[in-house]
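>>> predicted model, plus sequence, below.
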Amino acid sequence: MHTSTLLILVLAFMSLAYYVGRKRAISTAGGVTRINTLHSLPVYYGLYAALWAGLPALLLMGLWAGFQDDILVALVKSELPATMLDGLSPGAASLLVNDIKNLASGAIVSRTPTPEMQLAADRYNLYNQFAVWAMWLAVSALALGGMAFAWLRTQPKMRARNRVESIFMAILVIFSSIAILTTLGIVLSVLFESMRFFQEVSPLEFFFGTLWSPQTALRADQIGASGAFGAVPLFTGTLMVSAIAMFVAVPIGLMSAIYLSEYAPRKVRAWAKPTLEVLAGVPTVVYGFFAALTVAPFIRELGMSMGLNVASESALAAGLVMGIMIIPFVSSLSEDVINAVPQAMRDGSYALGATQSETIRRVIIPAALPGIVGGILLAVSRAIGETMIVVMAAGLAANLTANPLESVTTVTVQIVTLLTGDQEFDSAKTMAAFALGLTLFVVTLTLNVIALHIVRKYREQYE
Amino acid sequence: MSTTLDEMTVRTRATTSAELASGRESRETVGDVTSANPRMVCRHVDVFYGSTQAIKDVSLDIGKNEVVSMIGPSGCGKSTFLRCLNRMNDTIDGCRVTGSITLDGLDIYDKGLDPVPLRAQVGMVFQKPNPFPKSIYENVAYGPRILGLTNSKAELDDIIEGSLRKAGLWNEVKDRLDKPGTGLSGGQQQRLCIARTIAVSPEVILMDEPCSALDPIATAIIEELIDELRSNYSIAIVTHSMQQAARVSQRTAYFHLGDLIEVGETNQIFTNPKHKLTEDYITGRFG
């Protein structure tokens, strides 16, 4: 008597309703030859009946499954002898209920069962059985009722297609709002946790303090728990790594976009473009260990041979590899906008005696510039939010430095370290992660909005 | 009118495939293809797109200070022929041109010749106005700048004013030279493109249906302009409007399925065509 069996039963009712509804529509019309007197195709009458049979029943099933246990527990609890619950804290009471449930299902119980508990467990089982039967009956009845309702309403004048389509539209709206509401939920939860953080640490210290040492004391006399939350070193570290990444990605990406869209023969483009885009498909964790194990030691050796002091986890190494990761973003977005510049612009320039390179430099790039800038901003927001490479290749020490050969840390790295492992969820240390996350979110969102705005404005120019 | 045109297109396509299948030889051109004072001389020009032949053995002169119009149904090759004259076809993959085309006696398809300076001598105005997304001033200054025609800002200003005046646009835009060229009306944009072409002092101006995207008033202004430009330049114009060809040109060439069917004085072509196909086309009884 499992719920999934009931689900299959409802689906069976729905297909039955589909056939019945379709048949009924044809017969009310007066046979297959007179289908044209129906408002909609017979299929829609079938779907209409199926939806009436299925949707209310499924809705009831969902609600029932959601609330059944709460109601049963309340019932069982109300029948317990009052003495058993007297003086119990809410936590202890829920432990008792849990034990009763375990007893009912035959699982291990944390205390020796008393006769009262055994009685309660038996009752729980009984109610449960009853509830399951009742749900089966109610759901089946509703499905059949819906089918009958649709059957009665089926007549040639009924606008079955419009009704079915509006139901499907409602379903689409519900599903798309799930995505939007989830985003909203994440934002709100991050926002509220950040507000809790800012109650303990002032925003002034967070945004302008230069010392980051997020160790909070568990005991009052603990040593080394300074608890300083000045996030400026994190912001500068993030900026430096992202800037290095953009220094790598923008020239390489832009040049390859120009080559691929303007100069490359069709054959070269056919294999070069997908190859370049493979870079975007490499998992970031692979870039991460490439940075940590290959690039960083190489840069350190190189620096040492020139007499420079290079940290093994330098900002340079992380930035370089991140830049390589971002190349395909810059190149494929730029290539798209360059290709979107109308051929008429090129023709106009050639017809005035311009060479290909003059045409690219003086007409195509200026025309495509807004779109290219938009693409670069998208890449920047991607760089700022990138985590895996910096976790592996950038350091943990929050140095406030402008030297790319030193080790820096980034916002994302700190979020990872603050939340990895077992953490208490009410200390300033863990909540700092939410504040950092919120800052990151606001920055990348702003960049994305600006970038998309620029890109869209540019697209409109030629349409 | 529009139905006739549509029917014409359909029939043309039908004949094209039938005739291509039979591998028809090119037709003889009726009339005199030469000009008394030629600037561009084209002899036996064939154009292929891949394995398709778009132009078959076309010979035509474009004389000094004259407007030659090219008419014919869609897909007859008149635009392709026009684009041969400044080697714009080079930018199309798989396009091959044979025969000889000379400008002032110089073979423009000579292996040693660079098509880039050629295009400054043979300018082109396109079907759809295509000003660059720059200011009006920069649009006209583009050609002189890349060709290094001027040494000072004052000289450049003179060229720009002169070109805009010749294009009949100066009075409309002199107060907003720094505004984007794309913000002008369609007719003004097309005159801006003509000014841009004039600014590099070409010898020949090619116009590929320059008025097909414009309203009748803008068209009338451009047609007047073409007539004025004739005193300084040689002009070859492709047009779908026979009235326009009759109004602006001295000589008219009728193209049909890649063949040059008939060439002659514009008056003669429109009043007394010699070839049956020309007569059918200009009287609207095509086919």
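Okay, I see it.
>>> looking at the helix or strand hosting A:V10 now, give me its mean pLDDT.
A:V10 belongs to helix A:3-29 when assigned by DSSP states H and E. Across helix A:3-29, the average pLDDT comes to 90.
>>> that one: what's the following helix or strand?
Defined by DSSP H and E, the subsequent element after helix A:3-29 is helix A:42-79.
>>> and that following helix, how far out from the chain middle?
When distances are taken as CA atoms, centre = their mean, to the nearest Å, helix A:42-79 is centred 29 Å away from the chain's centroid.
>>> ditto for stretch A:130-139
With CA atoms, centre = their mean, you get 37 Å for stretch A:130-139.
>>> buried stuff in it?
A:131-132, A:135-136, A:139 (16 or more other CB atoms under 10 Å in any protein chain shown). No exception for glycine: its C-beta is placed from N, CA and C like everyone else's.
>>> give me the contacts around that stretch.
Residues outside stretch A:130-139 that contact it (CB atoms under 8 Å, 6 or more residues apart in numbering or on different chains) are A:1, A:6, A:9-10, A:57, A:60-61, A:64-65, A:68, A:71-72.
>>> would TSV of the residues you listed with neighbour count and distance to A:V282 be doable?
Formatted as TSV, those follow (neighbours: other CB atoms under 10 Å in any protein chain shown; distance: CB to CB, whole Å):
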residue	neighbour count	distance to A:V282
A:M1	9	50
A:L6	21	46
A:L9	15	48
A:V10	20	45
A:A57	26	48
A:L60	17	49
A:M61	20	45
A:W64	18	48
A:A65	12	43
A:Q68	17	48
A:I71	12	52
A:L72	20	52
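>>> closest to A:G303 among the residues you listed?
Nearest to A:G303 out of the contacts of stretch A:130-139 is A:A65 (CB to CB; 62.9 Å).
>>> my read: that closest one touches A:T3, true?
Yes: counting by CB atoms under 8 Å, A:T3 is a contact partner of A:A65 at 6.2 Å.
>>> could you check the angle helix A:42-79 makes with the helix holding A:V10?
Computed with axes from the mean of the first three to the mean of the last three CA atoms, to 10 degrees, the direction of helix A:3-29 lies at 140 degrees from that of helix A:42-79.
>>> so what secondary structure elements neighbour helix A:3-29?
If you count contacts as 3 or more CB pairs under 8 Å, 6 or more residues apart in numbering or on different chains; DSSP states H and E, helix A:3-29 packs onto helix A:42-79, helix A:115-153.
>>> what residues does chain B put near chain A?
Chain B comes close to chain A at residues B:86, B:88, B:91, B:93, B:116-121, B:123-124, B:126, B:128, B:130-134, B:142-143, B:146-147, B:182, B:193, B:196-197, B:200, as judged by CB under 8 Å from any CB of the partner chain.
>>> just the ones of those in strands?
Residues of those located in strands (DSSP state E): B:123-124.
>>> among the residues of chain B next to chain A, which ones are buried?
Buried among the residues of chain B next to chain A (16+ other CB under 10 Å): B:86, B:88, B:116, B:118-121, B:123-124, B:126, B:128, B:130-134, B:142-143, B:146-147, B:182, B:193, B:196-197, B:200.
>>> re earlier: and the helix holding A:V10, how far out from the chain middle?
Offset of helix A:3-29 from its chain centre (CA atoms, centre = their mean): 36 Å.
>>> check stretch A:283-299 too.
Between the centre of stretch A:283-299 and the centre of its chain there are 27 Å (CA atoms, centre = their mean).
>>> quick check: the residue of chain B nearest chain A.
Going by CB to the nearest CB, chain A is nearest to B:A120 of chain B, at 2.9 Å.
>>> please report phi then psi for the spatially closest residue to that residue that is not a sequence neighbour.
Spatially, and ignoring its direct neighbours in sequence, B:A120 is nearest to A:G353 (2.9 Å; CB to CB, 6 or more residues apart in numbering or on different chains). Backbone geometry at A:G353, expressed as degrees, to the nearest 10, gives phi 90, psi 20.
>>> distance of A:G353 from B:P202?
Using CB to CB, to the nearest Å, one gets 9 Å for the distance from A:G353 to B:P202.
>>> go on, B:V33?
From B:V33 to B:P202 the distance is 23 Å (CB to CB).
>>> these two: who's more crowded?
Using other CB atoms under 10 Å in any protein chain shown as the criterion, B:V33 and B:P202 rank with B:P202 on top: 24 against 20.
>>> show me what contacts the residue lying closest to that one once chain neighbours are set aside?
Excluding its sequence neighbours, the residue lying closest to B:P202 (CB to CB, 6+ apart) is B:G123, at 3.7 Å. By CB under 8 Å, 6+ apart, the residues touching B:G123 are A:351-352, B:86, B:197-198, B:200, B:202, B:204-206.
>>> quickly list what B:G123 is bridged to.
B:I205 (DSSP bridges).
>>> check the model's average confidence along stretch A:432-447 for me.
91.
>>> per-residue pLDDT, residue 66?
This is for chain A. Reported pLDDT for A:G66: 87.
>>> let's do chain B instead
For B:E66, the predicted pLDDT is 92.
>>> what do you get for the one 10 residues further on?
Here, the pLDDT recorded for B:C76 equals 85.
>>> quick one, what contacts it?
Counting by CB under 8 Å, 6+ apart, B:C76 makes contact with B:12, B:255-258.
>>> how close does A:N162 sit to A:K457?
38 Å.
>>> least trustworthy helix or strand in chain A by mean pLDDT?
One helix or strand of chain A scores below all others by mean pLDDT, DSSP states H and E: helix A:82-85, with a mean of 74.
>>> continuing past it, what's the next helix or strand?
Once helix A:82-85 ends, the next helix or strand along the chain (criterion: DSSP H and E) is helix A:90-105.
>>> quick check: mean pLDDT across that following helix?
82.
>>> one more: stretch A:178-192?
On average, stretch A:178-192 scores 93.
>>> pull out the buried residues from that stretch.
Those would be A:V190, for stretch A:178-192 by 16+ other CB under 10 Å.
>>> ok, stretch A:204-213 next?
A:206, A:209, A:212.
>>> got JSON lines for these, with distance to A:N36 too?
Listed next are those as JSON lines, based on distance: CB to CB, whole Å:
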{"residue": "A:F206", "distance to A:N36": "71"}
{"residue": "A:G209", "distance to A:N36": "77"}
{"residue": "A:W212", "distance to A:N36": "76"}
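>>> tabulate these (a markdown table), appending secondary structure.
Shown next, in a markdown table, are those (DSSP: H, G, I helix; E, B strand; the rest coil):
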| residue | secondary structure |
| --- | --- |
| A:F206 | helix |
| A:G209 | coil |
| A:W212 | strand |
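>>> show me where pLDDT drops low in the stretch 1-150 of chain B?
B:1-26 (pLDDT under 70).
>>> all the helices of it, residue numbers only.
Assigned by DSSP state H, counting those that start in this stretch, the helices in the stretch 1-150 of chain B fall at B:2-22, B:78-84, B:115-121, B:136-147.
>>> okay, the third one in PDB with CA atoms only?
It refers to helix B:115-121. C-alpha atoms of helix B:115-121 as PDB (Å, rounded to 0.1, in the frame of the first residue of the first chain):
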ATOM      1  CA  PRO B 115      42.700  45.900 -55.400                       C
ATOM      2  CA  VAL B 116      42.800  48.300 -52.400                       C
ATOM      3  CA  PRO B 117      43.900  51.500 -54.200                       C
ATOM      4  CA  LEU B 118      41.700  50.500 -57.100                       C
ATOM      5  CA  ARG B 119      38.600  50.700 -54.900                       C
ATOM      6  CA  ALA B 120      39.500  54.300 -54.000                       C
ATOM      7  CA  GLN B 121      39.500  55.100 -57.700                       C
END
